[in-house]
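Participant: sequence and predicted structure below; questions after.
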Amino acid sequence: MPDRKPGRRGTSSPLGVPRDLIGPRLTHADFAISAERLAATLIGCVLVRVIDGEMLAGQIIETEAYVGVKDRASHAYGGRRTPRNEMMYARAGTLYVYFTYGMHHCMNVVCGEVDEPVAVLLRATRPLIGLEAMARRRFGSAEASRRERDLCSGPAKLCQALGVDRTINGLDLVRGESMWIAHPGTGLEPIQRRDVRRTPRIGIDSAGAWAARPLRWVVDAREIGR
DNA sequence: ATGACGATTTACT
DNA sequence: GTAAATCGTCATA
């Protein structure tokens, strides 16, 4: 599927933002809520990345909440505060990027209050804009031989597709110009609440009882076409 | 200084 | 289904 064009007169801002897909930016107040509420809210929103003069964007379809010092699966469990997870203690709307498995990056949106280490892991998007650039970053070529569904269908895939690494750890999603989150534009099918499932989080089997908690939000695959 | 372990992905059986 | 890749991080010493 080719990238969508900006469209008719008036649908594109001076910066080239296609308003039919990308609505108003989320504000600090939008982020300064609990991780559970933000994880649910972010489903359907649009993650926008500007890198190397190109705009990339996708609709958020999978999130996980990491709910604080009591959450055994969280990097901040027990109040741990280290150089790696320092950004979890920052202001709501801060981006927390970490490196794991010796090769992968994952990104979180910090929420709650300052010094309260709560965040939402962005796990997957439906690619909307810049699919060829995403494919280049993911596979080294823009060829369509790879399926669109493999571009951003996991937390580390998403980071790779969008060129996210620790160099933008701490980025301010409220004011930043290289990355932000927007409400869905008028031209995007809204995601229905009934199409969103809650399940246990992925890859945290050693988190005891917390592993079973339904803190993952995911759009039913049938709604995404895969 | 050392060692165990990842909020994962990919390829392969 | 299983396993390898690959190295920063952190608790322990």
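Facilitator: Arrived safely, thanks for sending. Just so it is clear, the model here is predicted, and its values are computed rather than measured.
Participant: is A:Arg137 in a helix, a strand, or coil?
Facilitator: Assigned by DSSP: H, G, I helix; E, B strand; the rest coil, the conformation of A:Arg137 is helix.
Participant: bridged to the spatially most central residue of chain A, which residues?
Facilitator: For chain A, the residue lying nearest the average C-alpha position, counting by CA atoms, centre = their mean, turns out to be A:Leu122 (3.4 Å). The residues paired with A:Leu122 through beta bridges, assigned by DSSP bridges, are A:Thr63.
Participant: how far away is the residue lying closest to A:Ile61 once chain neighbours are set aside from DNA strand C?
Facilitator: In this structure, A:Ile61 finds its nearest non-sequential neighbour in A:Val219, 4.2 Å apart by CB to CB, 6 or more residues apart in numbering. No exception for glycine: its C-beta is placed from N, CA and C like everyone else's. Using CB to the nearest atom of the strand, to the nearest Å, one obtains 23 Å as the distance from A:Val219 to DNA strand C.
Participant: what of A:Asp205?
Facilitator: When CB to the nearest atom of the strand is applied, the distance between A:Asp205 and DNA strand C equals 12 Å.
Participant: just the terminal-to-terminal distance for stretch A:150-161.
Facilitator: Criterion CA to CA, to the nearest Å; first-to-last residue distance in stretch A:150-161 is 10 Å.
Participant: what's the answer for stretch A:171-180, then?
Facilitator: End-to-end span of stretch A:171-180 (CA to CA): 9 Å.
Participant: same thing with stretch A:78-90?
Facilitator: Per CA to CA, stretch A:78-90 runs 17 Å from first to last residue.
Participant: so is that stretch next to DNA strand C?
Facilitator: Yes. In this structure, stretch A:78-90 sits against DNA strand C according to CB under 7 Å from any atom of the strand; the contacting residues are A:80, A:82-85.
Participant: and that stretch, what's its mean pLDDT?
Facilitator: Along stretch A:78-90, the predicted local confidence has a mean pLDDT of 98.
Participant: related to what we said a few turns ago, ok, so of the residues of stretch A:78-90 next to DNA strand C, who is nearest DNA strand B?
Facilitator: For the residues of stretch A:78-90 next to DNA strand C, the closest approach to DNA strand B (CB to the nearest atom of the strand) belongs to A:Asn85, at 6.8 Å.
Participant: so that closest one is in contact with A:Tyr96, correct?
Facilitator: Yes. In terms of CB atoms under 8 Å, A:Asn85 counts as a neighbour of A:Tyr96; the distance is 7.4 Å.
Participant: list the contacts for A:Pro24?
Facilitator: Residues in contact with A:Pro24, defined by CB atoms under 8 Å, 6 or more residues apart in numbering, are A:182-183.
Participant: and the gap between it and DNA strand B?
Facilitator: In this structure, A:Pro24 and DNA strand B are 26 Å apart, going by CB to the nearest atom of the strand.
Participant: quickly find the element holding that residue.
Facilitator: Assigned by DSSP states H and E, A:Pro24 falls within strand A:22-25.
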